[in-house]
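S.K.: just need the structure, nothing else, for what follows:
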Amino acid sequence: MFENSNEGMHLVITGAPGTGKGTQAGVLKRKYGICHLSAGEMLREEIRKGTPVGKKLEPLLAGGNFAPDELIIEMVSNRIEEDDCKKGFILDGFPRTLNQAEVLDKMLEGKGIKLNAVLEILVPDKVIVERILGRYTCVTCGESYSDKFHKPAVEGVCDICGGKKFSKRLDDTKETIERRLEKYRNFTYPTIEYYRKKGVLISVDGNGAVDVVAARINELLKR
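M.R.: Modelled structure (predicted):
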């Protein structure tokens, strides 16, 4: 479907926290040479740099809250103009609300960009909690791993970049996970029906090994 497209691939990957969105976005990035835009990573980078925006965001994100819509839209709009997004992009963790989905459509329309598909990854809540409590990330390249579901081929060494330093998010606690799931159901889930009505939604079973889920996604995109 996208292999020979001259217009690039433009995707959104959505689903509850811990469904493997970031991991699968990374797979798609490497397969198609597109840009992986993680709203969460962009926001956390602001916090790491200690910018004025980051200082405002830190207590919000630590409590499992959302960042202001206008800030995320501005970051995404600027980011997709950069050279590494010329072949396309996959938005991960955005839009999170119906309002964001509508504003995103208007922003992309203004740039002459149309979303090819919105991938919804489906995973049971019980598995989500297990995944998040056991997940960690390569400090060098950002690749995600899990103690139980997705370990590096060589223990302590990142499969992608060979890095040996890993980190866990401080807000990955059972209480925060439950709050995030509740927020997803209340605020993000309405975007699913929105994209379904637009005819761009693709739902995929996200339960299983990374390569198995990636194969499902690839097959659905080919259709």
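
S.K.: what about the protein, any weak spots by pLDDT?
M.R.: 1-7, 66 (pLDDT under 70).

S.K.: ok, now which ones touch residue 63?
M.R.: Under the criterion of C-beta atoms under 8 Å, 6 or more residues apart in numbering, the neighbours of residue 63 are 171, 176, 179. Just so you know, the C-beta spots here come from the backbone N, C-alpha and C atoms, and that holds for glycine as well.

S.K.: swap in residue 90?
M.R.: Residues near residue 90 by C-beta under 8 Å, 6+ apart: 9-13, 25, 28-29, 34-37.

S.K.: and the residues you listed, which of them are in helices?
M.R.: 25, 28-29 (DSSP state H).

S.K.: helix or strand right after the helix or strand that contains residue 175?
M.R.: Residue 175 belongs to helix 174-183 when assigned by DSSP states H and E. Downstream of helix 174-183, the next assigned helix or strand under DSSP H and E is helix 189-198.

S.K.: which parts of whatever helix or strand comes next after that next one are buried?
M.R.: Counting by DSSP H and E, the next helix or strand C-terminal to helix 189-198 is strand 201-205. Neighbour counts over strand 201-205 (16 or more other C-beta atoms under 10 Å) mark 201-202, 204 as buried.

S.K.: quick one: which of the residues you listed is nearest to residue 214?
M.R.: Nearest to residue 214, judged by C-beta to C-beta, of these is residue 204 at 9.8 Å.

S.K.: in the sheet, which residues pair with the closest one? Tell me.
M.R.: Residue 204 has these beta-bridge partners by DSSP bridges: residue 121.

S.K.: thought it was touching residue 117?
M.R.: No - the criterion here is C-beta atoms under 8 Å, and residue 204 misses it with residue 117 at 10.6 Å.

S.K.: assign the residue lying closest to residue 41 once chain neighbours are set aside to helix, strand or coil.
M.R.: In space, and not counting its chain neighbours, residue 41 is closest to residue 142: 6.4 Å by C-beta to C-beta, 6 or more residues apart in numbering. Assigned by DSSP: H, G, I helix; E, B strand; the rest coil, the conformation of residue 142 is coil.

S.K.: quick check: residue 142 vs residue 107, distance?
M.R.: Per C-beta to C-beta, to the nearest Å, residue 142 is found 25 Å from residue 107.

S.K.: now residue 181
M.R.: The spacing between residue 181 and residue 107, counted by C-beta to C-beta, is 28 Å.

S.K.: so for the two, which residue has more residues nearby?
M.R.: It is residue 181, of residue 181 and residue 107, that has more neighbours when counted by other C-beta atoms under 10 Å, with 18 against 15.

S.K.: no further questions, thank you.
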